[in-house]
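**Student:** the following comprises the amino acid sequence and a computationally predicted model.
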Amino acid sequence: MSDDDDQTRSDFDDAVNMTASELKKWLDTDESKSVGQKKDGGESTGHESGRHIVRILEKKKADLADDDLAHMRKVVGYVKRHSAQKPKGDVTDTDWRYSLMNWGHDPKK
């Protein structure tokens, strides 16, 4: 892995604070499936991303492919941008939190 790839992995590890098993369990919930932009009424972009994140988390570092690293950079950017839009008040049961959780980040952790 290059230094840039190592930085991507580090940034991803900072952004994604849910384990593969936590994220899998979350993605099976109605709340997870209720948020995000959906193409043609299908699975939301965030939900699809969550499934890719699970696959990344289950891989060994040496087995990460270029598309995994590209997705990791996308996740880092999304979590950073979306976190900056935090609503006021309790975020426990909000679409904002649910969207972030689909991307592997639980802001309540």
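**Tutor:** That came through fine.
**Student:** which stretches of the chain have low pLDDT?
**Tutor:** Applying pLDDT under 70 to the chain flags residues 1.
**Student:** go through the longest helix that it contains and flag the buried ones.
**Tutor:** Ranked by residue count, the top helix of the chain under DSSP state H comes out as helix 66-83. Residues of helix 66-83 classed as buried under the neighbour-count rule (16 or more other C-beta atoms under 10 Å) are D68, L69, H71, M72, V75, V76, Y78, V79, H82. C-beta here means a position set from N, CA and C on the backbone, and glycine is covered the same way.
**Student:** cool, stretch 21-29 as well?
**Tutor:** E22, L23, K24, W26, L27.
**Student:** contacting residues for the closest residue to V91 other than its chain neighbours?
**Tutor:** With sequence-adjacent residues excluded and distances taken as C-beta to C-beta, 6 or more residues apart in numbering, V91 is closest to R97, at 4.8 Å. If you count contacts by C-beta atoms under 8 Å, 6 or more residues apart in numbering, R97 has them with V91, D106, P107, K108.
**Student:** surely the last one touches T94?
**Tutor:** In this case it means K108. No - taking contacts as C-beta atoms under 8 Å, K108 lies outside contact range of T94: 10.4 Å.
**Student:** among those two, which residue is more densely surrounded?
**Tutor:** Using other C-beta atoms under 10 Å as the criterion, K108 and T94 rank with T94 on top: 15 against 10.
**Student:** dihedrals phi and psi, the more buried one?
**Tutor:** T94 adopts backbone torsions of phi -120, psi 150, taken as degrees, to the nearest 10.
**Student:** can you name the residues that contact it?
**Tutor:** Neighbouring residues of T94 by C-beta under 8 Å, 6+ apart: P87.
**Student:** which residues in the protein form helices?
**Tutor:** Using DSSP H, helices in the chain cover 3-15, 20-27, 30-34, 45-57, 66-83, 95-102.
**Student:** can you get me the start-to-end distance on stretch 87-97?
**Tutor:** End-to-end span of stretch 87-97 (C-alpha to C-alpha, to the nearest Å): 10 Å.
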